[in-house]
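Asker: quick one: sequence and predicted model below, then my questions.
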Amino acid sequence: MSERRQGLTRRLLRDPVAIVCLAVLGLIVLASVLAPLLASHDPNTSSLQDTLAPPSGDHPLGADGVGRDVLARLLYGGRTSLLGALVAVAVAVALGVPTGLIAGYYRRGFDAVASWTANLLMAIPAIVVLLVVLAVVGQNMYLAMVVFGLLMAPGVYRLIRASVTSVREELYVDAARVSGLGDARIMRRHILPVVIAPTVIQAAQMFGLAIVIQSGLEFLGLGSASEASWGAMLNDAFANIYTKPILLLWPGLAVALTVAAFGLLGNALRDALNGSRRASNKAPAPTTPAAMAGPAIHIDGDELLVVRDLRVAYDQEVVGGVSLAVRRGEVLGLVGESGSGKTQTAFAILGLLPPEARVSSGQLLFDGQQLSRAAVPKLRGRRIAYVPQEPMSNLDPSFRIGAQLTEPMRRHLKLSRAAARRKALDLLARVGIEDPERVYSSYPHQISGGMAQRVLIAGAVSCDPDLLIADEPTTALDVTVQAEVLDLMRSLQSERRMGMILVTHNFGVVADICDRVAVMQTGQIVESAPVAELFANPQHPYTRMLLDSTLEDSAPRTRQEEMA
Ligand SMILES: Nc1ncnc2c1ncn2[C@@H]1O[C@H](COP(=O)(O)OP(=O)(O)OP(=O)(O)O)[C@@H](O)[C@H]1O
């Protein structure tokens with residue numbers, strides 16, 4: 001069990017309401033399951049001389065209007081009521097969860113059809129449908145509960161779809177995609193754990209509702225006459241309300257206790273879950289950004305990546321014909337102010353834009369091969385790696401660092417568990433983490449932002465990529481850590497001779513680690529040049545303006561100057 005789930009259980013068990021609810025429900029379930037052992041009478045056998053008999057040794061809770069033992073009917077009735085509710089909830093969950101997952105994750109056509117169907121089902125009055133079903137199929141309450149489950153499924157569908165839609169946008173899901181994990185694995189590891197809690201809460205609420213509806217229908221006499229149920233007991237008690245009102249007490253109490261316990265348990269689960277969310281939300285936050293690259297590109301044969309005329313549009317075009325090239329062992333800085341389209345360009349190359357983005361590129365060449373955009377996902381993680389802006393949001397809080405580091409290596413490099421572990425520990429040491437073993441077995445919230453970024457850099461280079469795309473990789477970090485992380489990236493890049501695109505709004509960073517720089521303004525690259533040349537002799541007015549505003553206070557030294 002994960003630490004977070006243990007935390008949830010602990011929090012739940014500290015809540016007295018939850019404990020009482022669990023105890024009540026446990027007793028009710030146990031009594032129902034053990035009904036054949038606990039009841040000394042058959043629940044359906046009537047004995048006329050016992051009609052409306054008061055409590056006695058033979059009938060501890062008395063007998064009903066036709067002389068059936070009330071205790072036996074209460075115990076067996078629990079089975080019918082709980083089983084009927086279970087059927088309804090199981091149907092609702094079995095239909096709502098997978099459809100919600102698929103619609104939330106893939107959206108598009110399936111989402112449109114499923115959401116339309118859900119809206120339609122929700123518009124149908126459930127009770128009328130159930131009355132019609134029972135009228136048509138006779139007194140088959142389980143079938144009615146299947147139909148009720150079907151009518152509750154849209155509620156589950158909507159909840160799951162909303163949960164998936166929100167988590168789908170999380171950066172750690174993008175990061176998993178970037179590391180080359182397939183949809184099924186991302187769903188199982190990153191999406192499913194997120195929807196389990198709301199599903200359990202919703203199931204608890206639905207359970208109570210299903211018992212109420214089922215008992216209501218049985219109270220109306222629509223249930224099976226040959227099966228004891230709490231609703232049928234209420235029906236009988238109501239017929240004898242003037243002569244023996246106490247008969248209403250037992251089934252009424254059973255329904256009320258069960259429904260209240262499920263409802264309160266659902267609330268307690270929600271509170272416990274909110275508590276655990278708060279506890280695990282220690283991640284840092286935001287950033288700023290800016291930048292991207294290149295007007296006229298010159299190809300000399302050593303290019304790792306060549307992009308020509310890349311366009312990205314939503315309502316309007318946000319990247320308008322970007323062309324750039326990155327050579328092996330070269331760091332290209334993509335610079336520009338916020339909103340200039342740097343991230344959109346990087347994400348377009350990575351194939352990570354949302355479905356509503358319309359992307360076109362005249363040409364995409366990787367390692368000398370023409371690449372279709374559909375082929376890009378297959379290279380992500382393996383040959384093209386990504387280092388994000390916000391390290392914490394790119395790590396899944398539910399998994400230990402070690403698991404998140406080793407999974408892509410095991411998949412892409414086919415390493416054994418032990419070999420992947422060794423390599424992960426070596427990488428953690430290589431990125432300057434002093435106690436790799438501890439970090440390996442830590443959860444993301446147990447490490448600092450700087451360490452998390454080192455972990456992500458280790459992950460990015462773990463499968464020996466040819467190209468590394470880093471989007472403002474130091475913006476979310478403390479100033480003191482920024483320089484170290486940049487140095488680390490530069491040394492990893494040059495020792496592995498990776499091509500690198502570094503998105504940044506900071507000319508200091510450009511001067512520190514880039515070989516060439518491309519300046520981006522309103523979706524286009526307005527100037528591209530070797531770093532020293534650009535600093536010495538900026539051509540475009542926008543570049544001059546950016547340089548003036550950045551270098552006003554301190555002129556950073558270029559690498560060339562440092563080396564001189
Ligand atoms: N999903 C989207 N729908 C519509 N417009 C979008 C979407 N995502 C980004 N944009 C727009 O695209 C433009 C470029 O955004 P992008 O994030 O690439 O800029 P940026 O240069 O990286 O800036 P920043 O450094 O602030 O992230 C912005 O105007 C942004 O509002």
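Answerer: Okay, I see it. Numbering: from 1, shown residues only.
Asker: all helices of the stretch 301-450 of the chain, in order?
Answerer: Assigned by DSSP state H, counting those that start in this stretch, the stretch 301-450 of the chain shows helices spanning 342-350, 376-379, 401-412, 417-430, 436-440, 449-461.
Asker: out of these, which comes closest to the ligand?
Answerer: helix 342-350 (3.2 Å; CB to the nearest ligand atom). Heads up, the C-betas are built off the backbone N, CA and C, glycines and all.
Asker: the closest one: how far from the chain's middle?
Answerer: 23 Å (CA atoms, centre = their mean, to the nearest Å).
Asker: tell me if it is near the ligand.
Answerer: Yes. Using CB under 6 Å from any ligand atom, helix 342-350 reaches the ligand at 342-344.
Asker: got the residues of the protein near the ligand?
Answerer: Counting by CB under 6 Å from any ligand atom, the residues of the chain near the ligand are 288-290, 314, 318, 336, 338-344, 354, 505.
Asker: buried subset of the residues you listed as a PyMOL selection?
Answerer: To isolate the buried members of the residues of the chain next to the ligand in PyMOL, using 16 or more other CB atoms under 10 Å:
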select buried, resi 289+290+318+336+340+341+342+343+344+505
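Asker: hang on, residue 488 packs against residue 457?
Answerer: Yes. If you go by CB atoms under 8 Å, residue 488 and residue 457 touch, sitting 6.4 Å apart.
Asker: who touches both of these two?
Answerer: residue 431 (CB atoms under 8 Å, 6 or more residues apart in numbering).
Asker: the more surrounded of these two?
Answerer: residue 457 (24 against 19; other CB atoms under 10 Å).
Asker: contacts only, for that one.
Answerer: Contacts for residue 457 were tallied using CB under 8 Å, 6+ apart; they are 387, 431, 473, 485, 488-489, 492.
Asker: same thing but at 10 Å, please
Answerer: 385, 387, 391, 427, 430-432, 468, 470, 473, 485, 488-489, 492 (CB atoms under 10 Å, 6 or more residues apart in numbering).
Asker: which one of those is nearest to residue 29?
Answerer: When those are compared for distance to residue 29 (CB to CB), residue 391 wins out at 45.4 Å.
Asker: export the contacts of residue 457 to a markdown table and tack on pLDDT?
Answerer: Converted to a markdown table, the contacts of residue 457 look like this (pLDDT from 0 to 100):
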| residue | pLDDT |
| --- | --- |
| 385 | 91 |
| 387 | 88 |
| 391 | 84 |
| 427 | 89 |
| 430 | 85 |
| 431 | 85 |
| 432 | 85 |
| 468 | 93 |
| 470 | 92 |
| 473 | 86 |
| 485 | 80 |
| 488 | 83 |
| 489 | 85 |
| 492 | 86 |
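Asker: next step: the residues you listed restricted to strands.
Answerer: Judged by DSSP state E, these include 385, 387, 468, 470 as members of strands.
Asker: pull out the buried residues from these.
Answerer: Burial by neighbour count, 16+ other CB under 10 Å: within these this picks out 385, 387, 468, 470.
Asker: for the first one, give the beta-bridge partners.
Answerer: Each beta-bridge partner of residue 385 is listed here: residue 468, as defined by DSSP bridges.
Asker: my read: it touches residue 471, true?
Answerer: No. When contacts are counted by CB atoms under 10 Å, residue 385 is not listed as touching residue 471 (11.9 Å).
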